[in-house]
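Asker: how does the following fold in three dimensions:
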Amino acid sequence: MRARVPASAKTGITYGRVRISTQPNLGPTGSAPDGYVDDFQVYIAPTDTTNFTTDTNGFAGLVTGIASIAGSNGAAYQDFNRDGIADIYVTRAETVVFVDDEGLATEKSTIAAIPNGFSTSRSFLGDINGDGYPDIIESGYVDADTVVAVSSFNTANVVAGWWDVLSGTNVDPRGVVDYDGDTYTFSINGKTESGEPHAFQGVCKRRVRAAPETGEAARCPWTWMLGQWKVKRSDDTTASVTWEQPSEKVDVLVGRWTESDGSVLTEQVGWQPDRKQLVANAYGAEGVFFSVLFNKVDKDQMSGWYRNRNAEGEVVNGKVEINRISETEVRSKLVERDGTVLTEVFTKVQ
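Answerer: Below you'll find the predicted structure:
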């Protein structure tokens with residue numbers, strides 16, 4: 001939920017209470033015949049007055065590495081490729097700029113032009129079709145009617161194209177389009193610490209989700225690599241890793257890595273069934289660590305993103321792919337953001 005913060009607001013921590021009940025005009029305290037109450041801690045940040053210089057590529061210094069995009073009319077952000085880092089969507093240019101954890105724009109993906117030549121002026125992002133992937137909503141004005149175009153990312157994190165265009169549909173000041181009558185607005189009235197009246201409005205949407213997967217359907221599809229494995233890399237380094245599963249009923253592994261330079265890392269690997277992601281984190285002495293998020297997971301193949309830090313404090317990140325060749329051999333390919341490729345061969349110790 002978002003709220004516009006007035007310029008006169010005091011910065012720092014404050015609190016808000018939300019009460020829902022069949023009894024109207026409830027205050028922040030007191031009894032009620034039914035309902036629900038919840039308290040939220042809110043941090044009001046000061047206005048950011050930092051001036052960012054523009055780099056030679058045309059982007060503000062906050063994000064670098066990609067040429068300027070013509071025809072833009074605002075921007076929004078969302079984690080489109082689900083690597084845990086917000087990406088940028090450029091309104092009207094219909095372009096997504098993917099950003100890594102160091103603020104470097106790694107690539108861009110341009111969506112096909114909106115049908116019928118409609119021109120849009122603002123965009124909103126969210127999962128409006130309930131498939132777990134971000135959707136893009138663009139709106140604009142043509143002959144006093146609001147035009148709304150909707151695009152969706154598919155399960156491969158690829159833009160699926162504009163799958164709907166609506167015209168003559170009113171969009172309220174918050175940019176909300178109620179397609180099927182399941183959107184509701186609400187307002188919360190209260191007072192500031194100084195006793196001045198304060199109110200804000202919000203929007204909520206009724207969503208009926210599919211039943212969550214349970215039992216075997218919720219288990220990790222990847223076949224675990226249990227036992228001891230030898231690792232040989234294309235940079236002539238080697239390693240040995242042993243993975244153990246504390247319980248066959250739980251999709252969690254504990255691993256111990258021993259690198260050829262003598263460093264030792266302890267790893268935990270776990271499956272997140274709601275996001276269908278496999279996450280691995282390993283830590284060693286002197287700040288050494290690696291973190292991997294696989295957002296595409298099958299029985300014999302996985303791909304995703306990784307981030308490593310060595311004892312010298314050097315951090316690298318990029319894309320990773322893993323393929324099972326046989327029950328005793330698995331191969332991986334890591335591509336850094338600068339294009340450097342490292343391959344690994346895992347061989348099971350019999």
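
Asker: around G195, how many other residues sit close by?
Answerer: Neighbourhood size, G195 [other Cβ atoms under 10 Å]: 7. For glycine as for every other residue, the C-beta is placed from the backbone atoms N, C-alpha and C.

Asker: and E244, by the same measure?
Answerer: 13.

Asker: and what of V42?
Answerer: Residues near V42, counting by other Cβ under 10 Å: 11.

Asker: for it, list each beta-bridge partner.
Answerer: T14 (DSSP bridges).

Asker: quick check, pLDDT for it.
Answerer: Each residue has a pLDDT score; the one for V42 is 73.

Asker: dump the helix or strand hosting Y77 to PDB, keeping only the CA atoms.
Answerer: Y77 is part of strand 75-78, with elements assigned from DSSP states H and E. Extracted in PDB, the C-alpha atoms of strand 75-78 (Å, rounded to 0.1, in the frame of the first residue of the first chain):
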ATOM      1  CA  ALA A  75       9.600   5.000 -15.700                       C
ATOM      2  CA  ALA A  76       8.700   2.500 -13.100                       C
ATOM      3  CA  TYR A  77      10.500  -0.400 -11.400                       C
ATOM      4  CA  GLN A  78       9.900  -4.100 -10.800                       C
END
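
Asker: R19 contacts D34, doesn't it?
Answerer: No - here R19 does not reach D34: they are 10.9 Å apart, not a contact under Cβ atoms under 8 Å.

Asker: which of these two has more residues huddled nearby?
Answerer: Taking other Cβ under 10 Å, R19 and D34 do not tie; R19 has more neighbours (17 against 8).

Asker: on the pLDDT front, check V97 for me.
Answerer: 66.

Asker: kindly report the same for D100.
Answerer: 61.

Asker: please apply the same query to V18.
Answerer: The model's pLDDT for V18 equals 84.

Asker: you'd agree it is up against N189?
Answerer: No - using Cβ under 8 Å, V18 is not in contact with N189; the gap is 11.7 Å.

Asker: give me the more crowded residue out of the two.
Answerer: V18 (14 against 10).

Asker: which SSE is that one in?
Answerer: strand 12-20.

Asker: counting by contacts, list what that strand packs against.
Answerer: strand 36-44, strand 183-191 (3 or more Cβ pairs under 8 Å, 6 or more residues apart in numbering; DSSP states H and E).

Asker: kindly recompute the last result at 10 Å.
Answerer: strand 36-44, strand 183-191, strand 197-205 (3 or more Cβ pairs under 10 Å, 6 or more residues apart in numbering; DSSP states H and E).

Asker: buried set for it?
Answerer: Using 16 or more other Cβ atoms under 10 Å as the burial criterion, the residues of strand 12-20 that qualify are R19.

Asker: looking at the protein, which strand is longest?
Answerer: With secondary structure taken from DSSP state E, the chain has its longest strand at strand 315-326.

Asker: so, low pLDDT: which residues of this protein?
Answerer: 1-5, 7, 43, 45-74, 81-84, 91-122, 128-133, 139-186, 200-210 (pLDDT under 70).

Asker: now the helices for it?
Answerer: Shown for the chain, no helices are assigned by DSSP state H.

Asker: direction included, what does the longest strand of the chain pair up with?
Answerer: strand 301-309 (antiparallel), strand 329-336 (antiparallel).

Asker: export these as JSON lines, with columns for distance to G12.
Answerer: Formatted as JSON lines, the strands paired with strand 315-326 follow (distance: least, Cβ to Cβ, whole Å):
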{"stretch": "strand 301-309", "distance to G12": "33"}
{"stretch": "strand 329-336", "distance to G12": "41"}
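
Asker: pick the most buried one from these.
Answerer: Among the strands paired with strand 315-326, strand 301-309 has the highest mean neighbour count (mean count of other Cβ atoms under 10 Å), at a mean of 19.

Asker: gap between the residue nearest to G284 when sequence neighbours are not counted and T258?
Answerer: Closest residue in space to G284, ignoring its immediate chain neighbours: L265 at 4.0 Å, by Cβ to Cβ, 6 or more residues apart in numbering. Distance from L265 to T258, counting by Cβ to Cβ, to the nearest Å: 8 Å.
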